[in-house]
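In: Give the three-dimensional model of this entry:
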Amino acid sequence: MSKLIRRTWPGSGATGLPRRDRRPCSYAAYLPDPLHGRNFVLDGEVAADVTEAETAIARLNLKAAALSNTEALARLLLRAESVASSRIEGLEVGGRRLLRAEVAENLGERSRDVTAEEVLGNIRAMTWSATEISPGEALSLQQLLNAHRRLLEGTNMEAQAGRIRDEQNWIGGSSYNPCSAVFVPPPEDQVELLLEDLCAFCNEESLPAVAQAAIAHAQFETIHPFVDGNGRTGRALTHMVLRRRGLTPRVLPPVSLVLATWARDYVDALMGTRYVGSSSSPEAVEGINRWIGLFAAACKRAVEDAEQFEARVRELQDSWRRRVGKVRANSALDLLIDALPGAPIVTVNSAADLISRSFPAASAAVSRLEQTKVLTQVNVGRKNRAFEATEIVDAFTDLERRLASPDRDTRVSPPARRVPARPRRA
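Out: Sure, this is the predicted structure:
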């Protein structure tokens, strides 16, 4: 049975703190029920929502299999998911700024943009998570720690990367003690056992994949096993579960973009899974079902917007081909048009690597796309020359704005969170 563990904070002798932050005080840390082997009951409506979500995700992946730019679409949607996951944690960075920071990093320059560096870390962690687990493969605690390590690499929290916390943490309230916290996760001596149990649950197959991913994410957030990066690692975990269950072999739906829009409902639903007492109590069953239903709805919304975005990308690629004229199949120009959505800012060298063609062939393709205004020359880093597919960057911004609006259009339904500025149209 889940329970609250009463503990005492010893107080602090540090000077300069308010008196109430120096005094000893009591608090309650939450210890959740284990998940492995537990029986979950989905009510009828939630079960139907889960089925619809899984059908939508499977449709997106099946449709992607028929596209020539499947990899590019997958990379761009993965980027959208990573950016949104970071935004939930308060890391705000526009798509264009992030892309340029990434190109500068690939050119060997250390970015001075700390926020962009942290979001790039999230992209690396999410990318690793999406490919590290194969369908049917067991998830291990070490893989979860590796995802966290990749998230914090290169940040000022790198010393904590991949390390389970060895102290009590808390959410909300004072910065100096947990006594007025909104939520206090399990004590540090319980964390590793709970993570082992979580991984064992992730390797079960008794639940639908979407329900399992939702429950795994909620439990991870409840455990809060790291000093920093819990939210982003927890959202990466959902995709590891979906991929392990074979639901997302090619494309990940940008679920975090929707959860960032529904931030209040997202937090409230997570809190609702933290019952005290029996896991079979009406409170426990209702809380779990409410959260699974919200997560399933976010999956469906993410797929619908991803499909609209994919259609927009194909329209752009068709227009590019009309602009450049006849394009020989499998030529450097043809391959680069296919690849640009996944890498909207390129150098000639990165373009050559992207399409596995020689530097001269890539240079000629870039030149032709620049002549027809598909690409625009920009400077990144210390005046390195690069080329931007502005229309794709703008389409990506439109996707972020649309997903931030409850009604999918910020012109009629104001965004529920901060969003990038609307792109200027020619």
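
In: Using PDB, list the CA coordinates for stretch 178-185.
Out: Taking C-alpha atoms only, stretch 178-185 is exported to PDB below (Å, rounded to 0.1, in the frame of the first residue of the first chain):
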ATOM      1  CA  PRO A 178      10.700  20.300   2.100                       C
ATOM      2  CA  CYS A 179       8.400  21.300   4.900                       C
ATOM      3  CA  SER A 180       6.100  23.500   2.800                       C
ATOM      4  CA  ALA A 181       6.600  21.600  -0.500                       C
ATOM      5  CA  VAL A 182       3.700  20.800  -2.800                       C
ATOM      6  CA  PHE A 183       5.000  17.200  -3.200                       C
ATOM      7  CA  VAL A 184       7.900  15.300  -1.600                       C
ATOM      8  CA  PRO A 185       9.100  12.200  -3.500                       C
END
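
In: What mean pLDDT does that stretch get?
Out: Stretch 178-185 carries an average pLDDT of 92.

In: try stretch 213-231
Out: Here stretch 213-231 scores 94 as its mean pLDDT.

In: swap in stretch 305-318?
Out: Mean per-residue pLDDT for stretch 305-318: 85.

In: Distance from that stretch to the middle of the chain?
Out: 21 Å (C-alpha atoms, centre = their mean, to the nearest Å).

In: Report the spatially nearest residue to Ala351, omitting neighbours in sequence.
Out: Nearest-residue entry for Ala351: Ala362, 4.4 Å, with adjacent residues in sequence omitted and distances by C-beta to C-beta, 6 or more residues apart in numbering. For the C-beta atoms, the positions are set from N, CA and C on the backbone; glycine is no exception.

In: Provide the secondary structure category for that neighbour.
Out: Using DSSP: H, G, I helix; E, B strand; the rest coil, the structure places Ala362 in helix.

In: Based on its surroundings, how many neighbours for it?
Out: If you count neighbours by other C-beta atoms under 10 Å, Ala362 ends up with 25.

In: Just to check, it is in contact with Ala339?
Out: No - here Ala362 does not reach Ala339: they are 10.5 Å apart, not a contact under C-beta atoms under 8 Å.

In: picking up where we left off before, now do the residue nearest to Ala351 against Ile392, distance only.
Out: Ala362 sits 18 Å away from Ile392, going by C-beta to C-beta, to the nearest Å.

In: what touches both of Ala362 and Ala339?
Out: Where contact means C-beta atoms under 8 Å, 6 or more residues apart in numbering, the residues bridging Ala362 and Ala339 through contact with each are 351, 355.

In: how does the protein divide into domains?
Out: Following automatic domain parsing, the chain resolves into domains at 28-303, 307-404.

In: Indicate which one of those domains is closest to Ser2.
Out: Ranking the domains of the chain by their distance to Ser2 (criterion: C-beta to C-beta) puts domain 28-303 first, at 4.7 Å.

In: count of residues packed around Phe295?
Out: With neighbours defined by other C-beta under 10 Å, the count for Phe295 comes to 27.

In: Moving C-terminal from the strand or helix carrying it, which element do we reach first?
Out: Secondary structure from DSSP states H and E places Phe295 in helix 282-324. Stepping forward along the backbone from helix 282-324, the first helix or strand reached (DSSP H and E) is helix 332-339.

In: just the angle between that next one and helix 282-324, please?
Out: Relative orientation of helix 332-339 with respect to helix 282-324: 160 degrees, computed using axes from the mean of the first three to the mean of the last three C-alpha atoms, to 10 degrees.

In: any weak-confidence spans in the stretch 101-250 of the chain?
Out: For the stretch 101-250 of the chain, the stretches with pLDDT under 70 are 101, 104-122.

In: can you rerun that using 80?
Out: Across the stretch 101-250 of the chain, residues meeting the criterion (pLDDT under 80) sit at 101-132, 151, 153-156.

In: Tell me where it has helices.
Out: Listed in chain order, the helices found in the stretch 101-250 of the chain under DSSP state H, counting those that start in this stretch are 114-132, 141-152, 191-202, 209-223, 230-244.

In: now those helices in CSV, with mean neighbour count?
Out: Converted to CSV, the helices of the stretch 101-250 of the chain look like this (neighbours: other C-beta atoms under 10 Å):
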stretch, mean neighbour count
helix 114-132, 21
helix 141-152, 21
helix 191-202, 19
helix 209-223, 25
helix 230-244, 25
